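J.: please work out how this folds:
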Amino acid sequence: MSVSIELVKKIREATGAGLNDVKEALDEAQGDEEKVLEILRKRGQKLAAKKSERTAKEGVIAIYRQGNKVAVIGLNCETDFVARNQEFVQAAESFASQLWEMGEADFKPWAEAEIKNNLIVKLGENLQLAFSQVIAGTAVGSYLHSNKKLAAVVVLKGGHEDLAKEVAMQVTAMSPQYNRPADVPAEVIDKEKEIYREQLRQAGKPDEMIEKILDGKINKFYTEVCLIKQPFVKDDKISIEKLLNGVEVERFSKFSL
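T.: Presented below is the predicted three-dimensional model:
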């Protein structure tokens, strides 16, 4: 049957389906536009089910911010080729905006349906929502690494957005596990001391010296795992605690793909 180029173009723009797929669906539907969309959607669902068995290890992180609320999403795909595809990146950015608008509870089912019914058909790979989170506070800062695979969000008690951004960059670069030394569980400290004691004994240190050395070892451990004790990545002569100058970190989150 003969169909107009305008109709083919309209359906392709609406669905992202390939030219041959649209033509076949038009023939099957005998030119009925609504039926064409239904056919293509069903084909897309079958394609999504088939591709869902394939591993999606690549992807990008997108952040949307407005006011003191930040939305972060991670969208996985199969290959780096698709991860660098502008349409995929724009889809991730659109998802972050939708998350900010909808909130976490409503966003996830919407996103999973959008991936299954539209994105997989358009991009031809298994795609999965890796994570989605909305973070809000008085002073919120975010940082997204240039590779779009690492990001962090920091909420400060007091301070300002620019300071929070600096700390978010620190979190992305240095991956702290805790905020302050007081946040480290006692069992973690006990295990570290146990390891250090054994190392020092094997090095031939006497017991009375070992206990004195332990304090220094634990303080060094804090500079590795506690955010406020870490040297600032932009100036290792000062700590994050000194950079904050009395401002407290309320919480931080790191995201990676």
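J.: who does the closest residue to Ala130 other than its chain neighbours form a beta bridge with?
T.: Excluding the flanking residues, the one nearest Ala130 by CB to CB, 6 or more residues apart in numbering is Gly74, at 3.4 Å. Placement of C-beta: from N, CA and C, glycine included. Assessed by DSSP bridges, Gly74 has beta-bridge partners Ile61, Phe131.
J.: tell me how far Gly74 lies from Tyr64.
T.: 13 Å (CB to CB, to the nearest Å).
J.: what's the neighbour count on the nearest residue to Met209 once chain neighbours are set aside?
T.: Spatially, and ignoring its direct neighbours in sequence, Met209 is nearest to Leu200 (7.8 Å; CB to CB, 6+ apart). Leu200 has 18 neighbours, counted by other CB atoms under 10 Å.
J.: what helices or strands is the helix or strand containing Ala71 leaning on?
T.: Using DSSP states H and E, Ala71 sits in strand 69-77. Applying 3 or more CB pairs under 8 Å, 6 or more residues apart in numbering; DSSP states H and E, we find strand 69-77 packed against strand 58-66, helix 86-102, strand 128-136, strand 139-144, strand 150-157, strand 248-256.
J.: redo that, cut-off 10 Å
T.: strand 58-66, helix 80-83, helix 86-102, helix 104-114, strand 128-136, strand 139-144, strand 150-157, strand 248-256 (3 or more CB pairs under 10 Å, 6 or more residues apart in numbering; DSSP states H and E).
J.: between these, which gets nearest to Glu192?
T.: strand 248-256 (21.6 Å; CB to CB).
J.: which positions within that closest one qualify as buried?
T.: Using 16 or more other CB atoms under 10 Å as the test for burial, strand 248-256 gives Val249, Glu250, Phe252, Ser253, Lys254, Phe255.
J.: related to what we said a few turns ago, state whether the residue nearest to Met209 is indeed within a strand.
T.: No. Going by DSSP: H, G, I helix; E, B strand; the rest coil, the assignment for Leu200 is helix, not a strand.
J.: for it, give me the pLDDT.
T.: Leu200 is assigned 88 on the pLDDT scale.
J.: can you check Val36 too?
T.: The model's pLDDT for Val36 equals 69.
J.: coming back round to it: pipe the buried residues of strand 248-256 into JSON lines and attach pLDDT per row.
T.: Output for those, formatted as JSON lines (pLDDT from 0 to 100):
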{"residue": "Val249", "pLDDT": "97"}
{"residue": "Glu250", "pLDDT": "97"}
{"residue": "Phe252", "pLDDT": "98"}
{"residue": "Ser253", "pLDDT": "97"}
{"residue": "Lys254", "pLDDT": "97"}
{"residue": "Phe255", "pLDDT": "97"}
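J.: going by distance to Lys35, which of those wins?
T.: Nearest to Lys35 among those, counting by CB to CB, is Phe255 at 41.9 Å.
J.: part of a strand, is Asn126?
T.: No. The assignment for Asn126 by three-state DSSP gives coil, which leaves it out of any strand.
J.: before we move on, the earlier item: which one's more surrounded, Gly74 and Tyr64?
T.: Gly74 (23 against 20).
J.: Ala83 is in contact with that one, correct?
T.: No. Counting by CB atoms under 10 Å, Ala83 is not a contact partner of Gly74; they are 11.3 Å apart.
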